[in-house]
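In: Here you go, sequence then predicted model.
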Amino acid sequence: MAELRSAAEHGKLQVHSQDSMQAGEVLAAVAAMRGLWEEWFNAFSETSKQRRAREIADHSFIQHAEYIEALLSCPSRMHTGPFVSETISFVDLYLFSVVDALRWIASTIHETLRMQTVPNLATLLDSVAAWQ
């Protein structure tokens, strides 16, 4: 996280003040989502890793993603673009990296994450991928 924040500062990707409250909520939700990766990573056996991957693909990811979707869909947002801030921010990069890791975990059991129910999140992730 510190590396992302440092890179964001260097690249002038900090969150603007009008979006800081929402970005903070998204950041907290992404940190909770990262816990799914940590649980998978810390699983001792291959069976445990497969079970955790199945839980992530089936329901754990979507629970977190739907909360983030609600934040991104909030009518009080100050802009209509895909990013948490008016331009790409470290929050967007962090969100992208966590979801990308969870996508990889799902792929270990030949599954994909259900992004069709979270269109704003999917758009944000596609935009970050295109930005890179």
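Out: Perfect, I can see it now. None of these values were measured; they are calculated from a predicted model.

In: so where's the protein uncertain?
Out: Scanning the chain with the threshold set as pLDDT under 70 gives 1-22, 75-81, 85, 132.

In: And the helices in it, which stretches?
Out: With helices called from DSSP state H, the chain shows them at 2-10, 20-41, 46-55, 61-72, 90-107, 119-131.

In: Can you point out the buried residues in the third one?
Out: By 16 or more other Cβ atoms under 10 Å, the buried positions in helix 46-55 come out as Lys49, Arg52, Ala53. (Each C-beta comes from the backbone N, C-alpha and C, glycine too.)

In: Return the closest of the residues you listed with respect to Ala29.
Out: Ranked by distance to Ala29 (Cβ to Cβ), the buried residues of helix 46-55 are led by Arg52 at 19.4 Å.

In: wait, isn't that closest one in contact with Asn42?
Out: No. Look at Arg52 against Asn42 with Cβ atoms under 8 Å: they stay out of range, at 9.1 Å.

In: how about the helices of the chain, which one is nearest Pro82?
Out: The nearest among the helices of the chain, by Cβ to Cβ, is helix 119-131 at 4.2 Å.

In: now that closest one against helix 90-107, angle please.
Out: Calculated by axes from the mean of the first three to the mean of the last three Cα atoms, to 10 degrees, helix 119-131 forms an angle of 100 degrees with helix 90-107.

In: Can you give me the distance of the residue nearest to Met115 when sequence neighbours are not counted to Asn42?
Out: Excluding the flanking residues, the one nearest Met115 by Cβ to Cβ, 6 or more residues apart in numbering is Ala122, at 4.4 Å. Distance, Ala122 to Asn42, by Cβ to Cβ, to the nearest Å: 28 Å.
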